[in-house]
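Colleague: need a 3D model of the sequence below.
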Amino acid sequence: MMTTERHGAVGRTTNAIADGVERASHLIQMAAQPSLVQLVLRCALAVPFWRSGILKWDGFLQLNDTAVTLFSDEFMLHLPGGPYPFPAPATMAFLSGLGEIIFPILLILGIGTRFAAFGLLLMTAIVELTVPDGWPIHLTWAAMALGIMGWGPGMASLDALINKIWRIRIVDRA
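Modeller: As a prediction, this is how the structure comes out:
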């Protein structure tokens, strides 16, 4: 085979590989539509907080004894010079349980999504101060919350529907 023929075969092979990579990349991009990714992020962040939250309640706005005991006897804030007990443990348990129920519901529905993600980011910071060895999972929660805060809830959300209706009403009035 002559040198020119060899270079032509290598060029065709390289082009075929590049075309294959480009097609595969396009297929992956089509499967990971931004709205789908945003919905999955919202659900993935909501689940661990929801699961923790439902364990704290015995009924409507009725904290169980275990939740209060955890904040008064078990959980400590690991700050410099500490650890320190939580201030107002019953109030902290109540607020924690409330946030772990309300914020995930808001995330799943996609309403007030950025604010719900911000609330869970703050809760993640408190959880990190309470359980510092859990930083790998806390970092994951923080990344998900920041992603939701930065890119919003996506089209599969009540926020998007409300925004769409709001824009239609504004245009109709003009």
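Colleague: in this structure, which spans are helices?
Modeller: Using DSSP state H, the helices of the chain run over residues 3-31, 34-54, 65-69, 89-109, 113-130, 135-151, 158-173.
Colleague: closest one to H78 among those helices?
Modeller: Closest approach to H78 among those (Cβ to Cβ): helix 113-130, 5.7 Å. From N, CA and C alone the C-beta is placed, and that goes for glycine too.
Colleague: and of the helices of the chain, who's closest to G81?
Modeller: helix 113-130 (13.1 Å).
Colleague: so which elements touch the closest one?
Modeller: helix 34-54, strand 76-77, helix 89-109, helix 135-151 (3 or more Cβ pairs under 8 Å, 6 or more residues apart in numbering; DSSP states H and E).
Colleague: and S96, how many residues sit next to it?
Modeller: As a burial measure, S96 scores 24 neighbours (other Cβ atoms under 10 Å).
Colleague: also K164?
Modeller: 11.
Colleague: and it, how far is that from L107?
Modeller: 20 Å (Cβ to Cβ, to the nearest Å).
Colleague: thinking again about what came up before, could the helices and strands packed on helix 113-130 go into JSON lines alongside distance to S25?
Modeller: Shown next, in JSON lines, are the helices and strands packed on helix 113-130 (distance: least, Cβ to Cβ, whole Å):
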{"stretch": "helix 34-54", "distance to S25": "16"}
{"stretch": "strand 76-77", "distance to S25": "46"}
{"stretch": "helix 89-109", "distance to S25": "30"}
{"stretch": "helix 135-151", "distance to S25": "21"}
